[in-house]
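S.K.: What follows is a protein structure lacking sequence information:
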């Protein structure tokens, strides 16, 4: 019943020949090369690239305009650290051209004597290349700034 195995070989173990090993390595190399080409290839025809979109002018929101107008008005106050602005729902924001705004509201702040006063204000400005071009600032009916030449 016991069969003797010559040269200490184990039973039912398949031996891979030298030719089969080389073939397996060549197939593996070809598979890796094809996979690499598929992953890194760039389409040669540019028709698959999205068409360029015409640049749209920047459009700032009413909230952006209100916040920037507040910053402008703060610079005109005697005590800017005491300024209390209302929410944007208490402001009037009018649009001019693409990115021009006229913003009106009020601010409570201390005057030169330390008393809290309410001041009505209006700022006329526009966004030009992400910078503010300020045309006019009016506080309590008095023009505190006007851009030269306007």
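M.R.: Looks like it arrived, so ask away. These numbers were taken from a predicted model, which means no experiment stands behind them.
S.K.: just checking, residue 122 is part of a helix?
M.R.: No - using DSSP: H, G, I helix; E, B strand; the rest coil, the assignment for residue 122 is strand, not a helix.
S.K.: Start at 858, not 1
M.R.: Shifting the count to begin at 858 puts that one at residue 979.
S.K.: helix, strand or coil for residue 894?
M.R.: Taking three-state DSSP as the rule, one finds residue 894 in the helix state.
S.K.: What is the burial count for it?
M.R.: Residue 894: 9 surrounding residues under other Cβ atoms under 10 Å. Where you see a C-beta, it was placed from the backbone N, CA and C, and this is true even at glycine.
S.K.: quick one: residue 965 is in a helix?
M.R.: No - counting by three-state DSSP, residue 965 is not found in a helix; it is strand.
S.K.: Can you name the residues bridging to it?
M.R.: residue 941, residue 975 (DSSP bridges).
S.K.: Now do residue 949 against residue 960, distance only.
M.R.: Note on residue 949: its distance to residue 960, by Cβ to Cβ, to the nearest Å, is 7 Å.
S.K.: now the helices: where do they sit in this structure?
M.R.: 875-897, 919-931 (DSSP state H).
S.K.: for the record, mean pLDDT for the longest one?
M.R.: Looking at helix 875-897 alone, the average pLDDT works out to 81.
S.K.: For this protein, give me the ranges with low pLDDT.
M.R.: For the chain, residues meeting the criterion pLDDT under 70 lie at 858-870, 898-915.
S.K.: Who has more neighbours out of residue 949 and residue 960?
M.R.: residue 960 (23 against 11).
S.K.: distance of the closest residue to the more buried one other than its chain neighbours from residue 993?
M.R.: Leaving aside its chain neighbours, residue 960 sits nearest to residue 926 (3.8 Å; criterion: Cβ to Cβ, 6 or more residues apart in numbering). Using Cβ to Cβ, residue 926 is found at 11 Å from residue 993.
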